[in-house]
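*Asks:* no FASTA, just this:
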Ligand SMILES: Cc1cc2nc3c(=O)[nH]c(=O)nc-3n(C[C@H](O)[C@H](O)[C@H](O)COP(=O)(O)O)c2cc1C
């Protein structure tokens, strides 16, 4: 049976990561997409289009959505990128929109919940919130691409971040960049 995931997009820089994830995920899984209001504005600012995928789009204030309930079954959630504000809400169970409510549900139901955070530098508040979310069961995956595969383009860097997210979801992909050792 096809797997089913929720992708939340929040107001942090790097909306291109969300687009790349949707490009791959929507071809192999059932996908629900929630985009926060600020993310919509940043997407426009960064010139990234998030509409048009084979996915069910939900309004972030639609708390009556099926994915807001623990009784609705799906395989997991990715918030990409994840703002520090949304991380803070998740870390403290402050589920006042569909993205944070769905993450809250994922954690209480012990489902995969991946937070692709983006901010630098990090304050003590950010770090404590990451620890709290991690302890509650989330996987914190900062958007921090490696360089060992010698990326040539921005797309190469984006793919390396999205590849690790797909790995954690257990989704086969060809985004490449696996370390295969060296004689050095
Ligand atoms: C252009 C722009 C870029 C931003 N980048 C980040 C970011 O990288 N990380 C972050 O935590 N917040 C960032 N913010 C701030 C968040 O958008 C803000 O805290 C917002 O309330 C997040 O709301 P949301 O999580 O509901 O989308 C940015 C805001 C703007 C306008």
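*Replies:* Thanks, I have it. Keep in mind that what you see is a predicted model, and the values were worked out from it rather than measured.

*Asks:* is it true that residue 27 touches residue 55?
*Replies:* No - using C-beta atoms under 8 Å, residue 27 makes no contact with residue 55, being 10.6 Å away. To be clear about C-beta, it is placed using only N, CA and C from the backbone, and glycine gets the same treatment.

*Asks:* more crowded one of the two?
*Replies:* Taking other C-beta atoms under 10 Å, residue 27 and residue 55 do not tie; residue 55 has more neighbours (19 against 10).

*Asks:* for the spatially closest residue to that one that is not a sequence neighbour, the count of nearby residues, please.
*Replies:* Counting by C-beta to C-beta, 6 or more residues apart in numbering, residue 55 lies nearest to residue 31, which is 4.1 Å off, once chain neighbours are set aside. Residues lying near residue 31 (other C-beta under 10 Å) number 23.

*Asks:* against the ligand, how distant is residue 31?
*Replies:* 19 Å (C-beta to the nearest ligand atom, to the nearest Å).

*Asks:* just the pLDDT at that residue, thanks.
*Replies:* pLDDT, residue 31: 98.

*Asks:* contacting residues around it?
*Replies:* 4, 5, 6, 7, 22, 25, 53, 54, 55, 56 (C-beta atoms under 8 Å, 6 or more residues apart in numbering).

*Asks:* ok, of the residues you listed, which one's closest to the ligand?
*Replies:* residue 7 (13.6 Å; C-beta to the nearest ligand atom).

*Asks:* which helix or which strand is home to residue 166?
*Replies:* helix 154-169 (DSSP states H and E).

*Asks:* which elements pack onto that helix?
*Replies:* The contact analysis (3 or more C-beta pairs under 8 Å, 6 or more residues apart in numbering; DSSP states H and E) places helix 154-169 against helix 15-28, strand 76-82, strand 112-117.
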